[in-house]
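[1] Build me a structure from this.
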Amino acid sequence: MLDLGDAFSRSPTTLRRARLLGISGWAFYISGRAGALGDVRAETAAAALGFVAPDAVADGWDAAARSTRPIEVAAASLAECCEWGTRQLGPLPGTDRLSELVERAVAAADASGMPLFAAWRAMPLPENTPGARCAAGLRLLREHFTGAYLLAVRAAGMTPLEAVLAGPEGEAGAVACGWPPPYPPVGPLVRRRLWAEAVTNRLAAPAFVALGPADGAELVELLHRTRADLA
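    Below you'll find the model as predicted:
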């Protein structure tokens, strides 16, 4: 789900949209995600994104704002997501059913404490094909899971930087998210990260429990099949 929810962003056509808007790929990523919040300050965008360094968020946010409004970048990002879904997911077997299950999970998800997920769920879709709905829904579920993880990390007494460092990519992940060294030691953070991951699953689970056992199992099967077909 996490991989499929972000797959559109790696498409060359998505990166080309950034150039057409006259902004960098980084500015498109930052405003493309946080722009759903509207014309907020960079500090607010950074707080919602969580795992990206505030200075790095400000660089992308302010650069994009010099040429276009954040909500317009978010709308362009959503349009690319839907076009990718129509093009890549639409022809695959099972997309109609997958889009239905994903949309039910999105509707059942609790948005409390997850402003980015709530903002994205309120965004109107520019396309209504099964592939577009599926791609947009997967993106929403990814945003919901990320929001749950941010809540769990803070509840575990960790900073977002510490969570990134304790993750599978370690310091490379911190660099990619714009956090400059020196970094704190990772060893003491691993147990807290495991606790945070368990809490994240608990926070995200109700959206999928609402599907029931049979439909939930079908969703998992369709996700695996779709990922394999794309690969």
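[2] Spell out for me which residue occupies the centre of the chain.
    E143 (3.7 Å; CA atoms, centre = their mean).
[3] Quick check: phi and psi at that residue.
    phi -70, psi -40 (degrees, to the nearest 10).
[4] List the contacts of it.
    Counting by CB atoms under 8 Å, 6 or more residues apart in numbering, E143 makes contact with 5, 33, 114, 116-117, 120. Using the backbone N, CA and C atoms, a C-beta is placed for each residue, glycine as well.
[5] when you check those residues against the helices, which ones overlap?
    5, 33, 116-117, 120 (DSSP state H).
[6] Which two among the residues you listed are spaced furthest apart?
    Farthest pair in the ones in helices among the contacts of E143 (CB to CB) is G5 and L116. Separation: 12.8 Å.
[7] helices or strands up against the lowest-mean-pLDDT helix or strand in the chain?
    Ranking every helix and strand in the chain by mean pLDDT, DSSP states H and E puts helix 12-21 at the bottom, with a mean of 89. Packing partners of helix 12-21 (3 or more CB pairs under 8 Å, 6 or more residues apart in numbering; DSSP states H and E): helix 25-34, helix 70-84.
[8] chain center to the longest one, what's the gap?
    Once both centres are worked out by CA atoms, centre = their mean, to the nearest Å, helix 70-84 turns out to sit 13 Å from its chain's centre.
[9] Contacts for it, please.
    7-8, 11, 13-14, 17, 21, 23, 27-28, 31-40, 45, 61, 64, 120, 123, 125-127, 129, 131-132, 135-136, 139.
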